[in-house]
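Trainee: have a look at this fold, sequence not included:
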């Protein structure tokens, strides 16, 4: 039987957490100001994005156009929310995998979690891939 490796690098915990915290803060500010360009400012040109509806969007330009459309609607794309880093690990140098929760501040609003893969290039962290999923609180899951 093969021994399954641990990929998480304990020595990279602070780096992973800092990269995840920076992304969460960027998303928070962008949602508060309905700024699609800021919301997508850390996306790599060839980002791979899985939507909560099962669609796959590839590329910053395509996703940014969608986010512009959503953020320009009269009704906000998402309710007032708080972004929290749930977990952040570094399975390889220059790679961070993080889950960030967007918790609606209004009990009636919808919340979601997203899994992000960040890759460092020339001192900057870029989102290479993400998948977001609504939180179904009727299943006993809490947003905190």
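Mentor: Structure received. All values reported here derive from a predicted model rather than from experimental measurement.
Trainee: now for residue 32, how many residues are close by?
Mentor: 12 (other Cβ atoms under 10 Å). Every residue, glycine included, has its C-beta placed from N, CA and C.
Trainee: ranges for the strands of the chain?
Mentor: Listed in chain order, the strands of the chain (DSSP state E) span residues 43-50, 56-58, 81-92, 95-104, 112-121, 124-134.
Trainee: ranking those strands by burial, who's on top?
Mentor: Comparing the strands of the chain by mean neighbour count (mean count of other Cβ atoms under 10 Å), strand 95-104 comes out on top with a mean of 20.
Trainee: list the neighbouring strands of that strand plus their orientation.
Mentor: When pairing is defined by DSSP bridges, strand 95-104 lines up against strand 81-92 (antiparallel), strand 112-121 (antiparallel).
Trainee: distance from the last one to the middle of the chain?
Mentor: It stands for strand 112-121. From the chain centre to the centre of strand 112-121 is a distance of 5 Å (Cα atoms, centre = their mean, to the nearest Å).
Trainee: quick one on the thing from earlier: can you list the strands paired with strand 95-104 in a markdown table and add mean pLDDT?
Mentor: Formatted as a markdown table, the strands paired with strand 95-104 follow (pLDDT from 0 to 100):
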| stretch | mean pLDDT |
| --- | --- |
| strand 81-92 | 94 |
| strand 112-121 | 96 |
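Trainee: select, out of those strands, the one closest to residue 19.
Mentor: strand 112-121 (5.4 Å; Cβ to Cβ).
Trainee: hang on, the earlier thing: dump the strands paired with strand 95-104 into TSV; add distance to residue 40 as well.
Mentor: As requested, these are exported to TSV (distance: least, Cβ to Cβ, whole Å):
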stretch	distance to residue 40
strand 81-92	15
strand 112-121	13
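Trainee: could you dump the strands of the chain into a markdown table and include distance to residue 1?
Mentor: Below are those laid out as a markdown table (distance: least, Cβ to Cβ, whole Å):
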| stretch | distance to residue 1 |
| --- | --- |
| strand 43-50 | 32 |
| strand 56-58 | 35 |
| strand 81-92 | 22 |
| strand 95-104 | 26 |
| strand 112-121 | 29 |
| strand 124-134 | 31 |
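Trainee: looking at those strands, spot the one closest to residue 64.
Mentor: Among the strands of the chain, strand 43-50 sits nearest to residue 64 (Cβ to Cβ), with 7.4 Å.
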